[in-house]
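>>> Build the 3D model from these lines:
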Amino acid sequence: MSELPRRDALRLTALATAIPAFQALLPTAAGAATPATAHTAGGSSAAGAAPGPQLPTPASWIVKPFDNTRVTLARSLFTDNRDRVLTFLRAYPADRMLAVFRTNAGLDTHGAQPPGGWETADGNLRGHFAGHYLSALSLAYAGTGEQVHKDKADYMVGALGACQDALAALVGTDDPAAPSRAGYLAAYPETQYVLLEQYATYPRIWAPWYTCHMIMRGLLDAYQHTGNEQALRIVRGMGDWAYSRLGHLPRTQLDRMWRIYIAGEYNAMPVVMADLYALTGDEKYLTTAKCFDNTYLFEAAVANEDTLDGEHANQHIPQYQGYLEIYEQTGEQRYLAAARNFWGMVVPHRTYVDGGMAGSGEIFGARDVIAATIQQDNAETCCVYNMLKLSRSLFFHTADPKYLQYYERSLYGQILGSRRNTASDTNPLLTYFVPVNPGAHRSYGNLGTCCGGTGLETHAKFQDSVYFSSADNSTLYVNLYLPSTLDWPERGLTITQSTDYPTDPAGTSTLTITGDADLDLRLRVPYWVERGFTVRVNGVRQQMAAAPGTYVSLSRRWRTGDRVEIAAPFTLRIERALDDPATQAVAYGPVPLVIRSSATEYQNLTLYRDYPLSRDLSQVIRPTGEPMTFTANGLTLVPFYINTTESYHMYFRRAEPEIVFGAVGTGIENRTDAAGLTFLDEVWDRGPFHNRGGLVRAVTEVADARVATGDLTLRQRQVLIEAAARAQLPS
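This is a model prediction of the structure:
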């Protein structure tokens, strides 16, 4: 007898008892646990889709997000990328995503072939991409209200439910695909999980719990963003199965499993299990979430001991999001401490200028080692995807601006540059690595890989962090300057933001109010602001201390027609690598610039010779007349968001061997100090200078310090001071 008829026979004999028994374990649509009312419920949706069922707002939050349906994006570089991804989501056949599930469950694949990449008929990670795809569809529906995305999401949920039912019918049989209990859902047999419990290593098995997470996350997103009740029933079955596999295992076994490279990777399993607990109140889901405590890294993070060097970055980043959500459900402070301390080990200590993760390939590098990690394969896009999630969630607990400063850096840096600027019906055209080595280029594609999947999600939810509110709805946080409209029915307000960020170097944004309410409006002052951050309300300039990296507050009775005009002019700035200050990058406002060049050696730039007293880099890195484009030393610098496959240099080397002030040379070597800063670095870091006297004072101070360390002679000190006094430099 052939395998398929044998499986069919087994299924027919088991179906009558297995399916009812399985369904009895799950809530029906009428009897499902009722989630707490969403804090964004009520009113009309600007995007056209009503808010779905949401998790209860944690008591520990002092800031909370708006439902994705409440914020509608207007045209920008972000929506251009989003719309390219939505084109792919609309066009790509759901049956291809489902093929590996149906094959494993013995169901008809409707002639569809798996997508490829890691999604093949025998791939050890097969099924993960369908979870990303389902999440992206659900997020796309919430963000746009387009019914096609909900219809596809509903179709996938129904098909996955059929696969779960078919596998449940095999429980107790000798079919190779038979799971240990009802509720199991995957695109391969349960064998991978059994082997992991026996400490099998990669590549014999490949992160089975990672794949489980992606499927569960996709289903939870379908429930939360489209209201699909069947999705919750399916994911509860998976949660019950997960508890049955892990709930009885000793801590020593779990600890050993989670230390295994890749095979023990479980992504954000503690997040989905904590979410299930929050939605249902079922304690076994919280117990299961804690099964994923990765003790050897968790305890180090609680103690704020940085042990990340050599660790597989994205294997661990999502764990800390899980710890934060366990804290939200339990109030156990050590989980919060682990998440906060881990974030502080990554930012800025392992971060490139575009927000990407510094290291070797997918491996974290040593703390504060940036330049030494620059090579071809680094800055995995998935890492930024998960760091954005963690940063956002930490802000809810703290309202600390540093988390949103990183969020902006990464969003306007690596994420905006991660989708190629052409459309495709068959390929997501997203990055995996975003290399920063000299002469690098971005490769786009990644159908069936992790970064292709997370990229689909990221580009479908750009609106989710533009605005937040305080927990009591008395304060509105404007976090990102993106053209958008917030619908806030709880306060009877609509706020429309008009801006050309990030292509407008004037850095202007206008908020227009519709409605009538007392409100504290908090505006984020970007970390890169150097020429002031000004705010006008109905044309009247507001007097406020607007320090970079903070929020400024406007408290008043707002009425229809009120306008808030914000100006944060872009300036050019240099960012130095922490371990080698001579290795540098250029940014313009929030946008990293890259040098166009196919050379594979670092390009050298000499900037201080013509540096003005004002430290205005635009006088040495000069505009070309093309938008956001500059030239320096004969090289062209362009925004990193220009998403092509051309070669580029994100970092360059400073080349200023002699101490000079304009045309006045000194013949003295521009040596570095113990921190790697040159004499000229130290001088100009004291600017801007209002006149030449300020420059002379700075030169004197630095020269005195270097004489004290033996780095300069008294004669050299005098030469330097006299040269600075003779210099004719622009202001």
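>>> which residues of the stretch 251-400 of the chain fall in helices?
251-258, 269-280, 283-291, 295-302, 313-330, 333-346, 381-398 (DSSP state H, counting those that start in this stretch).
>>> Spell out which residues make up each domain of the chain.
Structural domains assigned to the chain are 3-60+70-292, 294-416, 467-501+506-567, 572-589+596-630+645-726, following automatic domain parsing.
>>> could the ones you listed be laid out in TSV, adding distance to G439, mean pLDDT and mean neighbour count?
For glycine as for every other residue, the C-beta is placed from the backbone atoms N, C-alpha and C. Rendered in TSV, the data for the domains of the chain read as follows (distance: least, C-beta to C-beta, whole Å; pLDDT from 0 to 100; neighbours: other C-beta atoms under 10 Å):
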stretch	distance to G439	mean pLDDT	mean neighbour count
domain 3-60+70-292	25	87	20
domain 294-416	9	97	22
domain 467-501+506-567	27	97	18
domain 572-589+596-630+645-726	4	95	17
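>>> between the ones you listed, which gets nearest to G455?
With C-beta to C-beta, the closest approach to G455 among those belongs to domain 294-416: 6.1 Å.
>>> who touches D368 in this structure?
With contact set as C-beta atoms under 8 Å, 6 or more residues apart in numbering, D368 has these partners: H349, L578, D579.
>>> To clarify, my last question referred to F570.
Under the contact definition (C-beta under 8 Å, 6+ apart), the residues listed for F570 are P505, A506, G507, Y588, G589, P590, V591.
>>> Now do it against N421, distance only.
Counting by C-beta to C-beta, to the nearest Å, the gap from F570 to N421 is 21 Å.
>>> tell me the contacts of D472?
Counting by C-beta under 8 Å, 6+ apart, D472 touches no other residue.
>>> Please tell me how far it sits from R522.
Counting by C-beta to C-beta, the gap from D472 to R522 is 14 Å.
>>> Same check on P318?
From P318 over to R522 the distance is 29 Å, taken as C-beta to C-beta.
>>> what's the answer for W558, then?
When C-beta to C-beta is applied, the distance between W558 and R522 equals 13 Å.
>>> Kindly report the same for Q716.
51 Å.
>>> for R615, same thing?
In this structure, R615 and R522 are 30 Å apart, going by C-beta to C-beta.
>>> do the same with A177
With distances taken as C-beta to C-beta, A177 is found 54 Å from R522.
>>> Kindly report the same for Y202.
Applying C-beta to C-beta to Y202 and R522 gives a distance of 46 Å.
>>> Please apply the same query to A303.
As judged by C-beta to C-beta, A303 and R522 stand 34 Å apart.
>>> In which helix or strand does the residue nearest to R717 when sequence neighbours are not counted reside?
The shortest distance from R717 to any non-neighbouring residue, by C-beta to C-beta, 6 or more residues apart in numbering, is to A703 (4.2 Å). A703 belongs to helix 692-708 when assigned by DSSP states H and E.
>>> ok, A399 touching I62?
Yes: checked against C-beta atoms under 8 Å, the pair A399 and I62 is within contact range at 5.7 Å.
>>> how about the closest residue to I317 other than its chain neighbours, what does it touch?
If you skip the residues right next to it in sequence, I317 has N386 as its closest partner in space, 4.2 Å away by C-beta to C-beta, 6+ apart. For N386, the residues meeting the contact criterion (C-beta under 8 Å, 6+ apart) are A268, N314, I317, P318, Q321, T454.
>>> Just send those back as CSV, with distance to G131 too.
Below are those laid out as CSV (distance: C-beta to C-beta, whole Å):
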residue, distance to G131
A268, 11
N314, 15
I317, 17
P318, 13
Q321, 16
T454, 11
